[in-house]
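Asks: one predicted model, sequence on top.
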Amino acid sequence: MSLQDIVRQQTHHIRDAMDQIDKNLVELLGEKRAAEERLKRAGTEITKHRERETERKRRLREADLKVTESQRVVEELDREWQELERRRSEAHTRLMKEREEKDETKRLLREAQEATEKAQRDHQKERSSIRKIDTEAEEAEDNKARQQEHLWEALEASLDIHLQELAATIEQVFENEKERQERLAAFEDFKKARHEERKIGDLCDQRDELRKLVNTATVPGVKEMLQDSLRRIEDELEKRYPGALGLVSPPPDRGHVEELHYYRGDSGKAVFLLPITQSAWEAVESGDRGAAATVAVRLIWDIIRGLGLTKENGEFIFDGRRCIFSSKLDVEHVTELYEGFKVSLPGAVTLDVVLSPLLAEIEEAVIYEAVRS
C-alpha cells in the first residue's frame, strides 16, 4: 500500500468532519450577517419612533397651552355673556375641537411609545441572537482545531506505518533466496486465507485496526493494553502461517524501487526519513550483528555512499520517534544534486532508492509534532 493510499485510509473521516465544520461556519456567518442587518434596522426604527414621540410631546404641550388659553377666553366671555355670546360660542366650538386634537395627540403618543418599546425588544432580541451565533462559531472553530490535531496525528501514524512497512520490505530483500521462496509461499497462503477464511480475515482486520490505535495512543496503560491484544492476535496468526505475518507484501524481485522521503526541518535544511525501526537502531548502537542491525548498517552505508555524504553534511540520529538523517543540505538543491542511489543486496540483487519530497500535509504534521514536543 502506498503512502498516499495509507493517508487516504487514515484521514478520510477526519477530512469529512472538517468539511462539515466549514459548511456549518459558512451557515453561521450568514445567520450573523442577517442578524446584524436586522439589528441595524431595529436601531433605525428606534430613532424614527423617538423623533415622532418628541414631536407629539411638543404638540401636546402646545395643545395644553391652547386649552388653557381657550379656558381663559371662555371664562371672560361668561362674564360678558350678553355682549360676547357669539364669541363665546365660537370659542367653545374651538375648545371642543382642540380637545379632540389633544385626545388624538395622546393616542398617537401612546402608539409611538408602544412602537418604541417593541423596537427596543427587537433590538435586544437581535443582540442576543448575535451573541449566540458568535458562541456557536467559536465552538465550531475550536472543534475544527481539534479535528486538525486529529488529522495531524493520523498523518503521522500513516507515516510511521509506511516507514515500518518499508523497513520490513527492505529487510525482506536481504533474505536468501530459499527463505524468500518459503516466506513467499507462506505469504501467498496467508493472503489467500485472509480473503477466503472468515476467521483469518477478521483477525487480520482486527490486527490492522490495533496497529493504528497503538501508533496513536498516548496513555501508557491504554497503549500497553492495545499491544497485548495485538500480540495475542499475531501469535494466533503466526501459529497458522509461520513467517508470513512479517511480510506486508510479497518480497520484491531484482530491481525493486523504493522512495526515501525528505522534508524541510526547523533549521530549513533537508531531513531524510530512514526506514529503520527503533529496535534496529538500538541494535546498531549496542553493536548487535543480527539481521535487523546488519540491514540498518548496510542501508546507512549505501545512503552515505550513494549521496556522497561526509560528517560535515549532517548526522544520523533517532529523534525519539523515527530514525532520520538531519542534514545541512538545502531542500531546494536536494533533487538537483541527487536523483537517487542503489543499495547492493546478496545475489546481485539491487534496490533502487529514489529521493522523494514528503507530502506537504504530512510535512506540516511532522513539523507541528516537533514544535509541540
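Replies: Perfect, thanks for sending it. Numbers count the residues shown, from 1 in each chain.
Asks: doesn't I317 belong to a strand?
Replies: Yes - according to DSSP: H, G, I helix; E, B strand; the rest coil, the state of I317 is that of a strand.
Asks: quickly list what it is bridged to.
Replies: Taking DSSP bridges, one finds I324 as the beta-bridge partners of I317.
Asks: give the contact list for it.
Replies: Contact partners of I317, counting by C-beta atoms under 8 Å, 6 or more residues apart in numbering, are 323-324, 326. The way it works is simple: take the backbone N, C-alpha and C, and place the C-beta from them, glycine included.
Asks: residues contacting the helix or strand containing Q206, please?
Replies: Under the criterion of DSSP states H and E, Q206 resides in helix 198-216. Outside of helix 198-216, the residues within contact range by C-beta under 8 Å, 6+ apart are 10, 153-154, 157, 160-161, 190, 193-195, 223, 226-227, 229-230, 233-234, 236-237, 240.
Asks: again, only this time at 10 Å
Replies: Defining contact as C-beta atoms under 10 Å, 6 or more residues apart in numbering, one finds that helix 198-216 is touched by 6, 9-10, 150, 153-154, 156-161, 164, 190-195, 197, 217, 222-234, 236-237, 240-241, 245.
Asks: where does this structure have low pLDDT?
Replies: For the chain, residues meeting the criterion pLDDT under 70 lie at 1, 77-78, 81, 84, 173-184, 243-257, 336-351, 371-373.
Asks: any idea how this protein splits into domains?
Replies: 3-146, 176-250, 253-373 (automatic domain parsing).
Asks: identify whichever of those domains lies nearest to A168.
Replies: With C-beta to C-beta, the closest approach to A168 among the domains of the chain belongs to domain 176-250: 5.5 Å.
Asks: what sits against S229?
Replies: With contacts taken as C-beta under 10 Å, 6+ apart, S229 has the following neighbours: 206-207, 210, 213-214.
Asks: ok and the strand or helix carrying it relative to helix 198-216, angle-wise?
Replies: With elements taken from DSSP H and E, the one containing S229 is helix 220-240. Relative orientation of helix 220-240 versus helix 198-216 (axes from the mean of the first three to the mean of the last three C-alpha atoms, to 10 degrees): 150 degrees.
Asks: and the next helix-or-strand element following helix 220-240, how far from the chain's centre?
Replies: Proceeding C-terminally, helix 220-240 gives way to strand 256-264 as the next helix or strand, assigned by DSSP H and E. In terms of C-alpha atoms, centre = their mean, to the nearest Å, the gap separating the centre of strand 256-264 from the centre of its chain is 27 Å.
Asks: adding distance to Q278, write the contacts of S229 out as TSV.
Replies: Listed next are the contacts of S229 as TSV, based on distance: C-beta to C-beta, whole Å:
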residue	distance to Q278
Q206	24
R207	20
L210	18
L213	18
V214	13
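Asks: looking at those, which is nearest K132?
Replies: Distance to K132, by C-beta to C-beta, is smallest for L213 among the contacts of S229, at 37.7 Å.
Asks: about what we covered before: could you dump the contacts of S229 to CSV with neighbour count and distance to F316?
Replies: Shown next, in CSV, are those (neighbours: other C-beta atoms under 10 Å; distance: C-beta to C-beta, whole Å):
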residue, neighbour count, distance to F316
Q206, 14, 36
R207, 17, 31
L210, 20, 31
L213, 17, 30
V214, 18, 26
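Asks: quick check, nearest of the residues you listed to W301?
Replies: V214 (31.0 Å).
Asks: hang on, the earlier thing: got the domains of the chain as JSON lines, with distance to I170 columns?
Replies: Rendered in JSON lines, the data for the domains of the chain read as follows (distance: least, C-beta to C-beta, whole Å):
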{"stretch": "domain 3-146", "distance to I170": "15"}
{"stretch": "domain 176-250", "distance to I170": "11"}
{"stretch": "domain 253-373", "distance to I170": "6"}
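Asks: show me where the stretch 51-200 of the chain has its helices.
Replies: Remark: helices assigned in the stretch 51-200 of the chain by DSSP state H, counting those that start in this stretch are 81-173, 177-196, 198-216.
Asks: wait, which of the ones you listed is closest to E369?
Replies: Between E369 and these, the shortest gap by C-beta to C-beta is with helix 81-173, which sits at 5.9 Å.
Asks: buried stuff in the helix holding S229?
Replies: Under the neighbour-count criterion of 16 or more other C-beta atoms under 10 Å, helix 220-240 has 226, 230, 233-234, 237, 240 buried.
Asks: helix or strand: which one has E332?
Replies: Per DSSP H and E, E332 falls inside helix 331-337.
Asks: do V284 as well
Replies: V284 belongs to helix 278-285 when assigned by DSSP H and E.
Asks: what residues are up against the residue most central in space within the chain?
Replies: What sits nearest the mean C-alpha location of the chain, by C-alpha atoms, centre = their mean, is Q148, with 2.5 Å. Listed by C-beta under 10 Å, 6+ apart, the contact partners of Q148 are 14, 18, 21, 364-365, 368.
Asks: about what we covered before: out of the helices of the stretch 51-200 of the chain, flag the one nearest R72.
Replies: When these are compared by C-beta to C-beta, helix 81-173 sits nearest R72, at 9.7 Å.
Asks: now that closest one against strand 256-264, angle please.
Replies: Here the directions of helix 81-173 and strand 256-264 differ by 140 degrees (the same axes, to 10 degrees).
Asks: what's the angle from helix 81-173 to helix 278-285?
Replies: Direction vectors for helix 81-173 and helix 278-285, defined by the same axes, to 10 degrees, enclose an angle of 50 degrees.
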